[in-house]
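Visitor: Here is my input, please return the structure:
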Amino acid sequence: MQVVAGSVEDLRREGCRVVSVEGRPVGVVSVGEEFYAVSDRCPHMGASMCVGSLSGTLVPSDPHELVYGMDDRVIRCPWHGWEFDLSTGRSLLEPRRYGLRTYDVTTDDGQVVVHA
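Guide: Presented below is the predicted three-dimensional model:
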């Protein structure tokens with residue numbers, strides 16, 4: 001199944017748009033030249049992930065060293081701050097337990113297409 005999420009221009013301008021894929025809300029997120037698609041509902045309490053923020057986070061580093069990374073690759077739930085990796089959908093805190101479903105995204109003739 002394929003769902004056209006909208007034009008490349010519109011999605012880049014908006015940053016995130018929710019579309020319905022097989023009856024489920026999916027957030028299509030624009031980051032630079034790339035597009036990601038993840039379930040739009042946080043597994044904790046169901047908040048819309050597209051309403052949340054997009055940023056980076058602290059990444060593993062040497063003791064007593066703070067290193068910021070994954071810039072614009074972490075989507076954060078607006079209600080309780082749960083963080084998820086956009087590329088894998090996995091929770092940054094408990095990746096084996098929690099995650100967002102991810103979908104493949106392509107562009108075709110200026111349109112962003114989500115593949116279920």
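
Visitor: Just the strands from the chain, written as ranges.
Guide: Taking DSSP state E, the strands of the chain run over residues 2-7, 16-21, 24-31, 34-39, 53-59, 67-76, 83-85, 102-108, 111-115.

Visitor: Adding mean pLDDT and mean neighbour count, write those out as CSV.
Guide: Quick note: C-beta positions are derived from backbone N, CA and C, even for glycine. Below are the strands of the chain laid out as CSV (pLDDT from 0 to 100; neighbours: other Cβ atoms under 10 Å):
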stretch, mean pLDDT, mean neighbour count
strand 2-7, 98, 16
strand 16-21, 98, 18
strand 24-31, 98, 21
strand 34-39, 98, 22
strand 53-59, 94, 14
strand 67-76, 95, 16
strand 83-85, 97, 22
strand 102-108, 98, 16
strand 111-115, 98, 18
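
Visitor: At the geometric centre of the chain, which residue do we find?
Guide: With distances taken as Cα atoms, centre = their mean, Leu86 lies nearest the centre of the chain, 4.1 Å away.

Visitor: list the contacts for that one?
Guide: 29, 31, 36, 38, 54, 73-75 (Cβ atoms under 8 Å, 6 or more residues apart in numbering).

Visitor: Any chance of the strands of the chain in a markdown table with distance to Glu94 as columns?
Guide: Rendered in a markdown table, the data for these read as follows (distance: least, Cβ to Cβ, whole Å):
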| stretch | distance to Glu94 |
| --- | --- |
| strand 2-7 | 29 |
| strand 16-21 | 24 |
| strand 24-31 | 20 |
| strand 34-39 | 16 |
| strand 53-59 | 14 |
| strand 67-76 | 15 |
| strand 83-85 | 11 |
| strand 102-108 | 17 |
| strand 111-115 | 26 |
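
Visitor: Can you check which of those strands gets nearest to Pro95?
Guide: Smallest distance to Pro95 across those (Cβ to Cβ): 7.9 Å, for strand 83-85.

Visitor: sorry, back to before: so for Leu93, which of the strands of the chain sits nearest?
Guide: Closest among the strands of the chain, using Cβ to Cβ: strand 83-85, at 6.9 Å.

Visitor: How about residues contacting that closest one?
Guide: Applying Cβ under 8 Å, 6+ apart, the contact partners of strand 83-85 are 38, 49, 57, 70, 73-77, 90-93, 95, 99-100.

Visitor: Good, we can wrap up now.
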